[in-house]
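1. got a sequence here, can you build the structure:
(3 chains)
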Amino acid sequence: MALSEYKRDMQGCSRCSSCKWVPFNQVKSWRFSKNCPSISRYNFQAYSGSGKMTMGLSMLDERSKLNETISNIIYQCQLCGACDTACKVYRDDIDLTEVLLELRAKCVESGELIIEHMALIDALKSEGNTLGEPKGKRGEWADGLKVKNINNNTCEVLFHAGCRSSYDPDLRDTMRGHVELLLSSGINVGIAGAEESCCGGRAYEIGYRGEARNYAEDMLSRVKSSGISTLVTSCADCYAHFQYLYPRMGMKLPVKVMHISQYLEKLILEGKLNLRHKIPLLVTYHDPCHLGRMGEPFLTDWTGDKLLRPMRMKRAGRMGIYDPPRKVLTSIPGLELVEMERIREYSWCCGAGGGVLEAFPDLASWTAQERISEALATGAEALVTTCPWCERIFRDTLAKTNVSLPVYDLTDLVLKSAGVPEHTKV
Amino acid sequence: MISDEAYRELENAIGPENISREPAIMDGYAWQALETTDPDIWTTRPIAVVLPSSIEEVQAIIEVCKKYRLRFKAFSTGWGVHASVGYENVILIDLRRMNRILEIDEKNMYAVIEPYVCGAQLQAEAMKVGLNTHMIGAGCGPSPLASATSFQGMGWDGIYMSTSGRNVLGVEWVLPSGEVLRLGSLGSDSGWFCGDGPGPSLRGIMRGAIAAVGSLGVFTKCALKLFNWPGPPQPEVKGLLLDAKTKVASNFKLYLCTFPDREKFSDAAYKIGEAEIGYIQVKNAIGLMLATMMPHLLKKLSRADALKKALGAIGHQFMIMFAAHSQNELDYQMKVLSQIVSENQGVLLDISQIRPFYETFWWGLVRNSIPPLIFRALGNFHLGFGTDESFDSQSFAKKLGEDVKEKWIADGAILDDLSDNAWMFLYENGMWSHYEELFLFDHRNPKQIGAISSINKNFLQVTKDNNICVGLYAHEPAARKMFSPLQGNYNHWQKKILHMLGGESVSDTTYYTDEKDLLQNASMFCRESLSSGP
Amino acid sequence: MAKKTLNLMSLKGILGAENVSTEKEKLMSYIEAGLVSGAKPEAVVRPKNTAQVTELINLARSERMNLIFSSSSHPRFHGGAIPDHEGVIVDMSGMDKIMRMDRRNKVALVEPGVTFNHLTKAAGEAGLKVLMPLLPRSGKSVLASYLEREPILIPKYHWDMTDPLLCTELIFGTGDLFHTGSSAGPGSLEQQWKAGRVQKTPMGPGQTDFVRVVQGSQGTMAAVTWSSVKLEIKPSVHHIWFIPDKNLSKLVDFTYKALRPKLGDEFLILNAITLATIIADDEDSIPDLAAKQAPWTLIYGVSGYEYLPAERVAYQESDLSKIAQSAGISAISEVPGCSANRMDRILSCPSREPYYKQRPKGAFTDIFFLTTLDRAQEFISVMKHEAEEHTYSASEIGVYLQPIQQGRAIHLEFTLYYNPIDEKEVEKARSLFTSASSALSKAGAFYSRPYGIWADLAYSKCPDTVSVLRKVKDMLDPDHVLNQGKLCFNKEVI
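-> You can find the predicted model right below:
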């Protein structure tokens, strides 16, 4: 759709400012009451969800033109969805995230490109991943693991690693751990190895829709030909794109899509995963945006007047994945979970998404630091998440400070409690 | 346009990252659909936006404005068209960076805040020490400082927590001249506890029924009264709004009281005031309830005349919440309410028994997170009357308001909300009361936005013809022109105050002294310099 | 500009000869108020209506007259109506109508000459109660008391500093008539009443709030010719309780905890001498009675109204009793020389004659200001130190703490009693008054009602306020015809 097709959404903004705050019911303190990293950092109204919609309207009404300054504002945004969730508390007829995505597509169409994003796309085209790492090395994280390759085996479950996890050496143990847990639970799981490529979601988010479609088609084709019944991923971004973006592009994957946290919960409930070792640790859990509010499955596309759209059909973050990771954590003996103030649908972003990590690393770090401050305020001894992008940015940001706060993936703790000795991250 | 020299001076004063003149960024402050009557929605674009972080920076900005003959207007959360600028040469001072809660004096029950603290933030911190803050009708997102010093301030907790204009204590105020005035005890270095004196109170020139809407300088700090909160320091709430769940403490109760007619409804309200019971009290408008909670159903109801009539028959109702500090007090309040309702042939519904509706509603009322739902039905609302006076006079006005709306509903100009969309409540245990007749419309619908100025005119004319107390819109140029002569020429004095404080050439006076004729499709903005303006 | 001779003929032309007096005795009654002496007025005039007041002000403008408005009868104590410069006293006591009494809306419209006695009686007949300060003198004008921001006894009814004053009819020093609050219109009063309006909204009109500017102005900004005042329901059950204690901090603790949930009605703390002064049957018994009292006594009232009055009283008494217990104190129904019922009667009426503060020694002077309750002890210590420095017995200084604004602040008042015939005592009192006023100001006392020397003390601390106040004065009274020299306004005679 073109930006002009969202004109009613943009015009509908009543300037209530809800998009800048945690949904008001959940404001628990002065300190942790804001929800939008962009306006929290840069302060001008234009940086807020409402402000960006107004910018779009200004351009559509030919009151202003798209230029580098505007393009920067559009892209200095993680597309975390917090503004949309807050707006949807009150409105049925405004799809803020869609407007933000359209603004990016417009930037790309108009040639207002971010250099770092161009590099990302080039890397994607040449190596099939957003990091620019060699395509041939994509599957090396699984070397030595007794896991099938779906290209020449029949499996029930395809484990999709994702770009970040495939190449990040710090995350390798966790990645191997995901698969080991599945294998040890008797799951017929396979991986695509070097044949796996990017889900294409990041490309879509930064406005390169054509490229995104290409990778979605590739993924759809692989899944169709694999014969699997379930696709499991440990990357929250990929999860969101499989659940929301693909069906929205008319390429719904014909399999069940699950995040690793959901699968682990399933294994625990089925008694296939025995968490027997105590971990006496006070932890706090960070909800990845793409697993939570942005990971809501795509609902039927409503084509009528949005004022008449039923609540169940508006993307409001209600059906994101919030409870499975928490249930997994609380299943670990000795582990205690303390919540941050901004959680679930109104979680504060880690800072890495939407192309910000690549193009505006200072905003990404600033955002992550804010989240780390919130984690520290709980008194937790460790920060747990279940997304490689979140984990990466938290680690990198902490490394620049002298604050000691271990960051774990959910699976790291499960591995420890399940008694998998090779993994020593915890 | 702002000259490069002026822009550079402002950059030097506040840092280059805190100023912009980029058109699209300016337009972020120029789209104001709320409470507008202008079909164009776009208001005047400021020539620059600045983000000061301190009173010194505010003063520096004003000095630049004076030097280069520019105007300025203070801005915080930006709720409503009155937050926009009205002239072509205005610097908008966005106070977002001045956002601290400086102090909460738990014993003496007040908080000292900066402009960009929002109601929810203040309440969250106040509750931790057993206190609560008055919340305004716009919700908990706007700024309590802006409400108290610069706009209106009524809210459904008025029965217990009054209204913003009466909750102000010490104030730190940068006048249009750039000088700093500290009101009351603050000015005498005696603390924040009193906003009046020595001798005459300068709160009297700061605001009246409404305040100066950014025309009299910049308010950088103020102390606001806090009130007792007998609830938990941090209520545990799950959910975002309509899905909210919480455990409501047993010292709270919520009732819906329905009466057979307007007279009994009024009588009961008076008795509740006299009995000095209640923490939150507000008329329950069925039309408003449906518009916010079940807008699709409301839209279907417009075709069901019989059902509409039936709902209208039970339209004389209000909600009342008790927040007792002791079981004794709660028991007493419940018994008294029961008697009052019974004596007035009413029906008393204990909403506390209707879970989970109770939990949702309880927190929505206390946190005041419900109000932005007003946008849900059609995207916008406006209001008629907005008066503050005796409850009887409000009931009288209410009937007139319904008559006005019925005509426009029939015309399709506004949503059919059963003509029952009154926002009406008691202040200060019934000392006086507030009433505004809301109406909902879609400003994206040309017919509806085109009708708004006529509806506004209709309400104003009814106000004048029936001697109804002049209300919320008194800050608007057309209403000022109409009513100032009927109210002692207050605008004559406002112009003098403006002159006295040095604001004639630097203030954006659109919503303080400007006057404009009330035309059929009058623009409430003054995009060209007014011939009657400074 | 040379001062003009008083134009008595014009005055008589406006008011009638019988309402213009130059009798010496009458003039002299306006020269002194306690230790404050002023200039001798040139005449005392008595207008009967708003039109006459307006004409008077216009005459004053053309004749360069100084007008000092006064509504209460003699004696005066604080000096607001004592002229700093020669001028004409405008005695408003002749405008003494209760224009309207409205039980349903708990409001009355009163002219300046209406006294507490008068209004209490009329309100009582309507089932209403007047919000009174502590024992106002019998000739005290209700409107004058409220204009002066005298603190009322019941903190829960004091929502804002203007209370119980609501709307006003003003005539500025420009001669312009102005109505404040919802009385401003549209429509005449009669038209407003027809629309159900009762002049109860205190703010406005528009974006002005001149009632606040006029209140506390000691008549320097405008003349007030009527006002609406809020009344409350007369309780059907009313109890008074005493909490005597030697420890003020316990009473302070109790006060904070009680007022926070808006418990109780009357709420005040008196020291022994002040309590004794109020309750003594005769002047001679005051010292003995004071000796029998606890150093501090808190007095509070509890009311029941129309619905379940006894139950209301019972639950409030129970809750207050628990709070008292937690503060380590307890309430009793009698103190030496006074039962609860008797105190109830005392507090509901103006002072009997002679004015209660005149009873110990014949004369007195007050020092009062605003602060917060948690600082009261600090100021009491300052006063004690000053008393010692002036060889004044601290136990002979009256102390009165009146919570205001629902407990967010207090009016703290010290009373120095002295024999007006004994020159040494007079001098001692004056010296202590001057020294203590200054010391208290330095300690942070806020002279919200800056009479006499307090004006200099108060305004020297807030030059920004002074700057703006002078501009307001020039706006509302450009010819400075209203109570010249008061507050921070130009002290030169025009």
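2. strands of chain A, start to end?
-> In chain A, the strands defined using DSSP state E lie at A:148-149, A:157-160, A:189-191, A:230-233, A:256-259, A:281-285, A:335-337, A:382-385, A:407-409.
3. which one of the ones you listed lies closest to C:Val88?
-> Proximity to C:Val88 (Cβ to Cβ) singles out strand A:281-285 among those, at 76.3 Å. Every C-beta, even on glycine, is put in place using the N, C-alpha and C of the backbone.
4. so how far is that closest one off the chain centroid?
-> In terms of Cα atoms, centre = their mean, to the nearest Å, the centre of strand A:281-285 is set 21 Å apart from its chain centre.
5. pull the contacting residues for B:Ala413.
-> B:Ala413 makes contact with B:441, B:447-448, B:451-452, B:454-455 under the criterion Cβ atoms under 8 Å, 6 or more residues apart in numbering or on different chains.
6. where's the residue positioned nearest the centre of chain C relative to A:Asp305, distance?
-> What sits nearest the mean C-alpha location of chain C, by Cα atoms, centre = their mean, is C:Glu150, with 2.6 Å. For C:Glu150, the distance to A:Asp305 equals 62 Å [Cβ to Cβ, to the nearest Å].
7. just give the nearest non-adjacent residue to the residue of chain B most remote from its centre, would you?
-> Distance from the centre of chain B peaks at B:Glu5, with 38.1 Å (Cα atoms, centre = their mean). Distances taken as Cβ to Cβ, 6 or more residues apart in numbering or on different chains place B:Tyr68 nearest to B:Glu5, at 7.3 Å, with adjacent residues excluded.
8. OK, contacts around the one you found?
-> So B:Tyr68 contacts B:2-3, B:5-6, B:9 (Cβ under 8 Å, 6+ apart).
9. again, but for B:Asp94
-> Neighbours of B:Asp94 in contact, by Cβ under 8 Å, 6+ apart: A:43-45, B:29, B:49-51, B:75-76.
10. likewise A:Leu410?
-> Residues in contact with A:Leu410 (Cβ under 8 Å, 6+ apart) are A:260-261, A:264, A:325, A:328-329, A:384-386.
11. find the closest residue to chain A in chain C.
-> Going by Cβ to the nearest Cβ, chain A is nearest to C:Arg408 of chain C, at 21.9 Å.
12. wait, doesn't that residue sit right on C:Thr372?
-> Yes. When contacts are counted by Cβ atoms under 8 Å, C:Arg408 is listed as touching C:Thr372 (7.4 Å).
13. hey, what's in contact with both of those two?
-> Common neighbours of C:Arg408 and C:Thr372 (criterion: Cβ under 8 Å, 6+ apart): B:108, B:193.
14. the closest residue to C:Met95 other than its chain neighbours: neighbour count?
-> In space, and not counting its chain neighbours, C:Met95 is closest to C:Glu111: 4.0 Å by Cβ to Cβ, 6+ apart. Neighbourhood size, C:Glu111 [other Cβ atoms under 10 Å in any protein chain shown]: 25.
15. got a list of what C:Glu111 touches?
-> If a contact means Cβ under 8 Å, 6+ apart, then C:Glu111 has C:92, C:95-99, C:143, C:225-226 as its contacts.
16. now, which of the residues you listed sits nearest C:Val53?
-> C:Thr225 (5.6 Å).
17. is the closest one in a helix, a strand, or coil?
-> On the three-state scheme (DSSP: H, G, I helix; E, B strand; the rest coil), C:Thr225 is labelled strand.
18. where's it relative to A:Thr385, distance?
-> Using Cβ to Cβ, C:Thr225 is found at 72 Å from A:Thr385.
19. neighbour count: those two, which is higher?
-> The neighbour comparison of C:Thr225 against A:Thr385 (other Cβ under 10 Å) goes to A:Thr385, with 26 against 23.
20. and the pLDDT at the nearest residue to the more buried one once chain neighbours are set aside?
-> In space, A:Thr385 comes closest to A:His286 once its chain neighbours are excluded; the distance is 4.3 Å by Cβ to Cβ, 6+ apart. A:His286 carries a pLDDT value of 98.
21. again with B:Ser531
-> For B:Ser531, the predicted pLDDT is 28.
22. swap in A:His277?
-> Confidence score, pLDDT, at A:His277: 95.
23. give the contact list for it.
-> Going by Cβ under 8 Å, 6+ apart, the list of residues near A:His277 reads A:333, A:416-419.
24. how many neighbours does C:Arg345 have?
-> C:Arg345: 10 neighbours (other Cβ under 10 Å).
25. okay, and it sits in which element?
-> helix C:340-347 (DSSP states H and E).
26. which elements pack onto the helix or strand that that helix is followed by?
-> Later in the chain than helix C:340-347, the nearest helix or strand by DSSP H and E is strand C:363-371. For strand C:363-371, the packing partners by 3 or more Cβ pairs under 8 Å, 6 or more residues apart in numbering or on different chains; DSSP states H and E come out as strand C:409-418, helix C:423-443.
27. C:Ile299 contacts C:Met343, doesn't it?
-> Yes. Under the criterion of Cβ under 8 Å, C:Ile299 makes contact with C:Met343 at 6.4 Å.
28. between these two, what contacts are shared?
-> C:240, C:242.
29. please say which of these two ends up with more neighbours.
-> The neighbour comparison of C:Ile299 against C:Met343 (other Cβ under 10 Å) goes to C:Ile299, with 26 against 23.
30. give me the mean pLDDT for the strand or helix carrying that one.
-> Using DSSP H and E, the element containing C:Ile299 is strand C:296-304. Strand C:296-304 carries an average pLDDT of 98.
31. where does the chain dip in pLDDT?
-> Here I'm looking at chain A. Within chain A, the ranges that satisfy pLDDT under 70 run A:1, A:421-424.
32. not quite, go with chain C.
-> C:1-3, C:491-494.
33. now with 80?
-> Counting by pLDDT under 80, the ranges of chain C that qualify are C:1-4, C:32-34, C:73-76, C:78-81, C:490-494.
34. and the residue most central in space within chain A, what is it in contact with?
-> Residue closest to the average C-alpha location in chain A (Cα atoms, centre = their mean): A:His290, at 2.7 Å. Taking Cβ under 8 Å, 6+ apart, we find A:His290 in contact with A:236-237, A:239-241, A:353, A:387.
35. mind checking how far it is from A:Gly177?
-> Using Cβ to Cβ, we find A:His290 at a distance of 21 Å from A:Gly177.
36. again, but for A:Leu282
-> If you measure A:Leu282 against A:Gly177 using Cβ to Cβ, the figure is 22 Å.
37. okay, these two: which has more neighbours?
-> Counted by other Cβ under 10 Å, A:Leu282 and A:Gly177 do not tie: A:Gly177 has more neighbours, with 24 against 13.
38. now do the contacts for the more buried one.
-> So A:Gly177 contacts A:411-412, A:414-415, A:420, A:423 (Cβ under 8 Å, 6+ apart).
39. out of those residues, which end up buried?
-> A:411-412, A:414-415, A:420, A:423 (16 or more other Cβ atoms under 10 Å in any protein chain shown).
40. what sits closest to A:Ile321 if chain neighbours are left out?
-> Using Cβ to Cβ, 6+ apart, the nearest residue to A:Ile321 is A:Leu291, at 4.9 Å.
41. now do C:Lys461
-> B:Ser188 (4.4 Å).
42. chain neighbours aside, what residue packs nearest to C:Trp241?
-> That would be C:Ala331: by Cβ to Cβ, 6+ apart, it lies 4.1 Å from C:Trp241.
43. that neighbour is in contact with C:Phe242, isn't it?
-> Yes. In this structure, C:Ala331 is within contact of C:Phe242 by Cβ under 8 Å, at 6.6 Å.
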